[in-house]
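>>> A predicted structure for the sequence below; I have some questions about it.
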Amino acid sequence: MKTSTLVTMTGIISLTAIALSGVSAQAVTATTAQGDSEGTVTLKKTVLPGGSAEVVDPGTVNPAPVAPVTPPEVKPEVGDETASMVYYPDFEFGEHTYQITKAATYDAIAPVFKDADNKDKAIPNFVQVDNSPEAATWKVSVKATEFTAAGASKSVLPGAQMNLNNVVINNQLGNAAKTPAASYTLTPGSSVTVGTYTKPENDPYNALSINSIVFGSTSSTTTGEKDESGDTVTYNSGVQLTLPSGLSIQNTTYTSDLEWTMESTI
């Protein structure tokens with residue numbers, strides 16, 4: 001009985017409320033409208049004198065913040081918008097007295113960069129590669145010619161070869177590359193691949209990747225030594241030139257041309 005009474009009273013109240021209002025129930029129509037606008041910004045890459053893109057310290061490792069460095073000599077960027085070498089090195093071995101009775105090994109001089117505070121910083125020789133997320137693969141290879149004398153004779157140093165030691169990949173941003181081996185011998189005329197990259201199958205990172213192929217590490221440099229001219233230099237044992245004994249040499253500068261090749265796919 002209590003249940004029936006409650007239902008009846010509810011019906012009376014509802015009808016009374018509608019009757020008193022004198023207003024019939026109407027459907028409510030909602031309208032939504034929108035207008036579109038846009039925000040724009042134009043960006044340009046930092047370009048160093050000589051045409052190269054910005055170079056970052058190859059010693060920093062992701063996720064550490066990257067820091068810009070200025071090379072002693074800026075070379076043109078090699079590659080395209082997908083993947084490019086923004087820095088590749090010269091190997092300078094300095095001035096030495098050669099003894100024909102002994103084989104010799106000479107360490108390369110570590111190049112001196114300017115850091116973000118414009119202070120000198122000796123850094124092991126390296127190659128730096130930037131690639132966009134569109135890059136599927138890339139590889140960097142190097143080929144050297146024989147060391148040839150300056151001047152008219154053009155005599156060569158038979159048996160001379162450069163060695164790349166303690167080679168590592170330091171990943172500054174994005175996806176990491178790799179190096180096929182920890183050391184390489186540059187036999188004149190033969191190409192050697194020193195760094196490769198393959199985009200991960202399920203790539204979680206859709207932005208720029210920066211990798212440095214470093215020949216030797218900071219610990220492989222010796223600071224404070226003097227060359228035969230008396231200048232204080234920093235040597236890098238990550239890059240070495242070996243000469244056999246018994247070479248007939250001239251008092252001149254010998255040069256090997258290094259050809260750095262960048263190949264990429266999308």
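Sure thing, it's come through.

>>> wait, what's in contact with the residue lying closest to Gly79 once chain neighbours are set aside?
Spatial nearest neighbour of Gly79, excluding adjacent residues (CB to CB, 6 or more residues apart in numbering): Met262 at 4.5 Å. Heads up, the C-betas are built off the backbone N, CA and C, glycines and all. Contact analysis of Met262 by CB atoms under 8 Å, 6 or more residues apart in numbering lists Val78, Gly79, Ala83, Ser84, Met85, Val129, Trp138, Lys139, Val140.

>>> Are we agreed that Met262 is in a strand?
Yes: counting by DSSP: H, G, I helix; E, B strand; the rest coil, one finds Met262 located in a strand.

>>> what's the closest of the contacts of Met262 to Pro200?
Proximity of these to Pro200 (CB to CB) peaks at Trp138, which lies at 13.9 Å.

>>> Can you flag which of the contacts of Met262 belong to strands?
Val78, Gly79, Ala83, Ser84, Met85, Val129, Trp138, Lys139, Val140 (DSSP state E).

>>> now the residues you listed in CSV, with distance to Ile169?
Shown next, in CSV, are those (distance: CB to CB, whole Å):
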residue, distance to Ile169
Val78, 18
Gly79, 17
Ala83, 15
Ser84, 17
Met85, 14
Val129, 10
Trp138, 12
Lys139, 12
Val140, 11
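
>>> Quick one, which of those are buried?
When the ones in strands among the contacts of Met262 are checked for burial by 16 or more other CB atoms under 10 Å, the buried set is Val78, Gly79, Ala83, Ser84, Met85, Val129, Trp138, Lys139, Val140.

>>> My understanding was that Ser256 contacts Met162; is that so?
Yes: between Ser256 and Met162 there is a contact at 7.1 Å, judged by CB atoms under 8 Å.

>>> the more surrounded of the two?
Taking other CB atoms under 10 Å, Ser256 and Met162 do not tie; Met162 has more neighbours (23 against 19).

>>> In contact with that one, which residues are there?
Phe91, Ala144, Thr185, Leu186, Val239, Gln240, Leu241, Thr242, Ser256.

>>> Need those residues in a markdown table (columns: pLDDT, distance to Phe215 and secondary structure).
A markdown table is the format used below for the contacts of Met162 (pLDDT from 0 to 100; distance: CB to CB, whole Å; DSSP: H, G, I helix; E, B strand; the rest coil):
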| residue | pLDDT | distance to Phe215 | secondary structure |
| --- | --- | --- | --- |
| Phe91 | 94 | 9 | coil |
| Ala144 | 94 | 13 | strand |
| Thr185 | 95 | 13 | strand |
| Leu186 | 94 | 11 | strand |
| Val239 | 94 | 5 | strand |
| Gln240 | 94 | 10 | strand |
| Leu241 | 93 | 13 | strand |
| Thr242 | 94 | 15 | strand |
| Ser256 | 93 | 15 | coil |
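
>>> Show me which of the residues you listed is closest to Ile249.
Leu241 (13.2 Å).

>>> isn't the closest one right next to Tyr106, touching?
Yes: contact between Leu241 and Tyr106 holds when scored by CB under 8 Å: they sit 4.7 Å apart.

>>> Return every residue with contacts to both of these two.
The contact sets of Leu241 and Tyr106 overlap at Phe93 (CB under 8 Å, 6+ apart).

>>> quick revisit: of the buried ones among the ones in strands among the contacts of Met262, closest to Asn171?
Among these, and counting by CB to CB, the member closest to Asn171 is Val129, at 10.6 Å.

>>> now the closest one: how far from Gly79?
8 Å (CB to CB, to the nearest Å).

>>> Over to Gly216?
In terms of CB to CB, Gly216 sits 24 Å off from Gly79.

>>> same check, this time on Val167
Taking CB to CB as the measure, Val167 falls 20 Å from Gly79.
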